[in-house]
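J.: here is the input, now give the coordinates:
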Amino acid sequence: MSPAEVGVTKVERAAVMVASANADFRNLILKTLESRSWIAEEALGGAEALAKLDASACRALLLDRWLPDLDVQELVSIVKARHPHLEVLVVDSEGKEPRIVEDLSSYHQECELFHILQNSREPRLPADKLAAAPVPFRARLVGSQPEGSLPGMIGVSEAMKQVYRLARLVVPRDTTVLLMGETGTGKELVAQAIHQLSPRSDHPFVIVNCAAIPETLLESELFGHTRGAFTGAFQSRLGRIHAAHGGTLLLDEVGDLPLNMQAKLLRFLQEGEVQRLGSADVFRVDVRVIAATNADLSRRVADGQFREDLYYRISVFPIELLPLRDHPQDIRPLAIHFLETFCREARVPPKSVSPKVVRMLENHPWYGNVRELHHVIERAFILAEKEPLLLPEYFSLQPPRQLSQRNLEFGA
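T.: Predicted coordinates for the structure are as follows:
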């Protein structure tokens, strides 16, 4: 390869994406950049810019504040999540001269692109600096992860070891995972660990709580909408699915999805495409889906509350997390872990629990599972004040009660 060819390759690493619906603005910026030997690409809107960024090696993104399809602030957040090393500069194209919008920009003022747009005469970025630019995506080798528990999880029982084993088996694949278990068993932690250990770890991890979003807003939250698609839609927005592009989407409480949304979700899972409300445009997205539920989906299918085809689509690789009362040997290490965390956060000397407290905790049914144990230890830690030992009187355990209908569905 000749020296000239090497130089061209390095200059191309400095490519800039210019996104604006304003043709005059685009032309002005493109001419300015090209006159300084910068390679420039253009996009007519935010969605097109996202698609091109995923397929290019741009060093910077220059956005017109007034995009026709997406809210620029949300777009900046998505771009920074997908491409953390990409510099983003937002410019207001209205007015006599383009003006940099400081509060939405991430480009440092000492960088050359900033100076070029401010009519600076500083020299072009040196080629050796361009060659040393960081690579936006860094894949992680799952096989190099140490054996044992998943990141962020505590447990030594056979039940938890089975969860760890299944999760690590599915980590390197894009297979859809269904996490099943009562509320508070740690389904979200397992989903986060799968994402963290996977090759998608440098891309977004997006959580959608299907039970917490009103049905009237759920489609817009998942798939996005265009400006004017419905009353109050003053700005176009990307949905949560699109925001997870390249990463992992956790559909929490998927069993609570309304039937009409189940059909739309099934189409996305089958085709890998999303269509925003109010738009005829279809966008392809690359998302790994993890679903979680505290309901017995097979029973809901039998009752006509959940689509059978969607059930089989999301339950390709099921992982069940047993309630804490079914693996009491994990109660002590969990309690010690929570107590150590509280001491560290409060910057106080380490505390311990008495043997009587350990027996009391191990005999409690823990209907709220690990989440309930966490709250109980936190309350006891506060009540103990400066005492180094947590005694039984610091604990207020709820008496045995009937299990909720959700827990009964899991045969508790």
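
J.: end-to-end on stretch 170-188?
T.: 16 Å (Cα to Cα, to the nearest Å).

J.: could you do stretch 193-210 as well?
T.: Stretch 193-210 has an end-to-end distance of 21 Å (Cα to Cα).

J.: going forward, the N-terminal residue is numbered 236.
T.: Sure, I'll start numbering at 236, so the last one becomes stretch 428-445.

J.: tell me which residues in that stretch are buried?
T.: 428-443, 445 (16 or more other Cβ atoms under 10 Å). Placement of C-beta: from N, CA and C, glycine included.

J.: tell me which element Ala515 falls in.
T.: For Ala515, there is no enclosing helix or strand under DSSP states H and E.

J.: how close does the nearest residue to Asp491 once chain neighbours are set aside sit to Leu486?
T.: For Asp491, ignoring the flanking residues on the chain, the nearest one in space by Cβ to Cβ, 6 or more residues apart in numbering is Ala446 at 4.0 Å. Taking Cβ to Cβ, to the nearest Å as the measure, Ala446 falls 11 Å from Leu486.

J.: ok, the two, which is more surrounded?
T.: Taking other Cβ atoms under 10 Å, Ala446 and Leu486 do not tie; Leu486 has more neighbours (26 against 13).

J.: so that one sits right up against Val522, yeah?
T.: No. Counting by Cβ atoms under 8 Å, Leu486 does not reach Val522; the two are 10.5 Å apart.

J.: so where's the protein shaky on pLDDT?
T.: Counting by pLDDT under 70, the chain has low-confidence residues at 236-249, 272, 304, 330-334, 336-383, 460, 463-469, 634-647.

J.: please parse it into its domains.
T.: Per the record, the chain has its domains at 238-366, 378-555, 559-641, by automatic domain parsing.

J.: can you list contacts of stretch 601-614?
T.: 417-421, 558-560, 566, 569-570, 573-574, 577, 596, 625, 629-633, 636, 638-639, 642 (Cβ atoms under 8 Å, 6 or more residues apart in numbering).

J.: show me what counts as buried in that stretch.
T.: Those would be Trp601, Tyr602, Gly603, Asn604, Val605, Glu607, Leu608, His609, Val611, Ile612, for stretch 601-614 by 16+ other Cβ under 10 Å.

J.: now the helix or strand harbouring Ala615, how far from the chain's geometric center?
T.: Ala615 is part of helix 604-619 when elements are defined by DSSP H and E. With Cα atoms, centre = their mean, to the nearest Å as the basis, helix 604-619 stands 28 Å off its chain's centre.

J.: kindly report the same for stretch 541-559.
T.: With Cα atoms, centre = their mean as the basis, the mean position of stretch 541-559 lies at 21 Å from the chain mean.

J.: what's the span of that stretch from first residue to last?
T.: 27 Å.

J.: how far away is Val307 from Leu297?
T.: Using Cβ to Cβ, one gets 12 Å for the distance from Val307 to Leu297.

J.: more neighbours: those two, which one.
T.: More crowded of Val307 and Leu297, by other Cβ under 10 Å: Leu297, with 28 against 19.

J.: wait, that one sits on Val326?
T.: Yes. Assessed by Cβ under 8 Å, Leu297 is found in contact with Val326 at 6.2 Å.

J.: can I assume Leu473 is in contact with Gln308?
T.: No. Applying Cβ under 8 Å as the test, Leu473 and Gln308 come out as separate, 11.5 Å apart.

J.: ok, these two, which is more surrounded?
T.: Leu473 (26 against 13).

J.: now the closest residue to that one other than its chain neighbours: how far from Leu452?
T.: Excluding the flanking residues, the one nearest Leu473 by Cβ to Cβ, 6+ apart is Gly459, at 4.6 Å. Going from Gly459 to Leu452 by Cβ to Cβ gives 12 Å.

J.: now do the strands in the stretch 436-585 of the chain.
T.: 440-444, 459-460, 472-473, 483-487, 508-510, 517-519, 523-528, 552-555 (DSSP state E, counting those that start in this stretch).

J.: partner strands of the longest one and their direction?
T.: The reference is to strand 523-528. Strand 523-528 pairs in its sheet with strand 412-415 (parallel), strand 483-487 (parallel), by DSSP bridges.

J.: for Phe552, which of those is the nearest?
T.: Set against Phe552 and scored by Cβ to Cβ, those come closest in strand 412-415, at 5.0 Å.

J.: mind exporting that closest one as CSV, just the C-alpha atoms?
T.: Taking Å, rounded to 0.1, in the frame of the first residue of the first chain, the C-alpha atoms of strand 412-415 are listed here in CSV:
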residue,chain,number,x,y,z
VAL,A,412,-35.0,-15.9,26.8
LEU,A,413,-38.1,-16.2,29.0
LEU,A,414,-37.3,-15.6,32.7
MET,A,415,-40.0,-17.0,35.0
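
J.: next one: that strand to chain centre, how far?
T.: For strand 412-415, the distance to the chain centre is 17 Å (Cα atoms, centre = their mean).

J.: count of neighbours near Leu494?
T.: 11.

J.: was I right about it contacting Arg542?
T.: Yes. Between Leu494 and Arg542 there is a contact under Cβ under 8 Å: 6.9 Å.

J.: for the residue nearest in space to the middle of the chain, which residues make a bridge with it?
T.: Nearest residue to the geometric centre of the chain (Cα atoms, centre = their mean): Phe440, 1.6 Å. On the basis of DSSP bridges, Phe440 is bridged to Thr483.

J.: which ones are touching it?
T.: Counting by Cβ under 8 Å, 6+ apart, Phe440 has contacts Ala426, Gln427, His430, Gln431, Ala479, Gly482, Thr483, Leu485.

J.: closest one of those to His318?
T.: Nearest to His318 among the contacts of Phe440: Gly482, at 12.0 Å, using Cβ to Cβ.

J.: give the contact list for the closest residue to that closest one other than its chain neighbours.
T.: Nearest residue to Gly482, sequence neighbours excluded (Cβ to Cβ, 6+ apart): His438, at 3.4 Å. Counting by Cβ under 8 Å, 6+ apart, His438 touches Ala316, Arg317, Phe372, Ala479, His480, Gly481, Gly482, Thr483.
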